[in-house]
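Participant: Take a look and give me a structure for this.
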Amino acid sequence: MITSTGTELLDDPGADPAAVRTSLTNIARANRFFGGTAAVLHGLDRLLNSAPSIQHPALTLLDLGTGAGDIPAALRRWGTARGATIRTFGLERLRPAARMAGTRELPVALGCVTTLPFRTASVDVVTMSQLLHHFDRETSIGVLREAARVARRGVVVADLLRSRLAAALFGVGAFALGFDRHTRIDGITSVRRGFRPLELLELFHAAGLSAGLAVRPAWRVVAWGTPS
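Facilitator: Numbering: from 1, shown residues only. This next block holds a predicted model:
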């Protein structure tokens with residue numbers, strides 16, 4: 001059963017902008033040090049390799065709940081290293097996050113992931129990192145359906161593997177790295193709201209997406225797929 005334990009700073013659209021900026025800066029560091037960025041890169045690589053028809057020298061990619069925009073920036077660098085151009089776009093509901101992402105040369109739209117303000121099949125790939133655990137089951141399925149509607153090629157979801165040990169270790173690591181109190185507490189909450197692999201797979205299937213799935217280092221779970 002998918003849990004929904006507690007709330008987080010970034011769940012609140014009225015959160016203090018300074019606190020949001022501090023937390024997003026530390027989340028970007030956590031993505032780099034604790035495997036969040038690597039998990040998305042793995043999912044994108046598997047999606048592209050599992051569907052040869054999407055191996056193009058240029059791709060458009062929409063990142064939902066993009067936060068500080070650090071993951072799209074990493075995806076652009078990843079594409080460049082492989083001789084491909086990845087044009088990235090972001091969606092955020094928090095204005096402070098959208099402004100931060102804009103400093104990374106990421107065009108960002110303000111909106112809600114449950115009703116995406118984009119045309120059907122308007123981008124190649126939709127990604128989301130540590131976003132889906134913020135929603136209950138039915139909302140998560142709706143978000144995945146919206147992502148599948150917008151994506152011509154496929155969808156990649158990277159999230160947290162629910163684990164008591166992971167929650168405890170995140171708290172220790174976040175304290176050692178000097179993360180702010182909000183990020184330390186919210187990170188533990190996020191792990192507790194995370195997924196077991198079969199839970200994430202079931203959400204993909206319920207949304208009408210075929211799915212590949214992998215468990216990655218640092219308690220990460222990744223799914224990728226195309227409309228079935």
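Participant: Give the next helix or strand downstream of the longest helix belonging to the chain.
Facilitator: Using DSSP state H to define each element, the chain has its longest helix at helix 17-33. As assigned by DSSP states H and E, the chain's next helix or strand after helix 17-33 is helix 36-50.
Participant: For stretch 67-79, buried residues please.
Facilitator: 67-76, 78-79 (16 or more other C-beta atoms under 10 Å). (C-beta placed from N, C-alpha, C; glycine too.)
Participant: Switch the residues you listed over to JSON lines; also include secondary structure.
Facilitator: Converted to JSON lines, the buried residues of stretch 67-79 look like this (DSSP: H, G, I helix; E, B strand; the rest coil):
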{"residue": "G67", "secondary structure": "coil"}
{"residue": "A68", "secondary structure": "coil"}
{"residue": "G69", "secondary structure": "coil"}
{"residue": "D70", "secondary structure": "helix"}
{"residue": "I71", "secondary structure": "helix"}
{"residue": "P72", "secondary structure": "helix"}
{"residue": "A73", "secondary structure": "helix"}
{"residue": "A74", "secondary structure": "helix"}
{"residue": "L75", "secondary structure": "helix"}
{"residue": "R76", "secondary structure": "helix"}
{"residue": "W78", "secondary structure": "helix"}
{"residue": "G79", "secondary structure": "helix"}
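Participant: which stretches of this structure form helices?
Facilitator: Using DSSP H, helices in the chain cover 17-33, 36-50, 70-81, 95-102, 137-150, 164-176, 181-192, 197-206.
Participant: Redo those helices as JSON lines? Include distance to T60 and mean pLDDT.
Facilitator: Conversion of these to JSON lines gives the following (distance: least, C-beta to C-beta, whole Å; pLDDT from 0 to 100):
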{"stretch": "helix 17-33", "distance to T60": "22", "mean pLDDT": "94"}
{"stretch": "helix 36-50", "distance to T60": "13", "mean pLDDT": "94"}
{"stretch": "helix 70-81", "distance to T60": "11", "mean pLDDT": "96"}
{"stretch": "helix 95-102", "distance to T60": "16", "mean pLDDT": "92"}
{"stretch": "helix 137-150", "distance to T60": "10", "mean pLDDT": "98"}
{"stretch": "helix 164-176", "distance to T60": "33", "mean pLDDT": "93"}
{"stretch": "helix 181-192", "distance to T60": "28", "mean pLDDT": "93"}
{"stretch": "helix 197-206", "distance to T60": "22", "mean pLDDT": "98"}
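Participant: which residue is nearest the centroid of this protein?
Facilitator: Residue closest to the mean C-alpha point of the chain, counted by C-alpha atoms, centre = their mean, is S129 at 1.2 Å.
Participant: wait, doesn't it sit right on A39?
Facilitator: Yes - between S129 and A39 there is a contact at 7.2 Å, judged by C-beta atoms under 8 Å.
Participant: any residues in contact with both of the two?
Facilitator: Jointly contacting S129 and A39 under the rule C-beta atoms under 8 Å, 6 or more residues apart in numbering are A158.
Participant: Nearest residue to F170 in space, please, no chain neighbours.
Facilitator: The shortest distance from F170 to any non-neighbouring residue, by C-beta to C-beta, 6 or more residues apart in numbering, is to G187 (4.9 Å).
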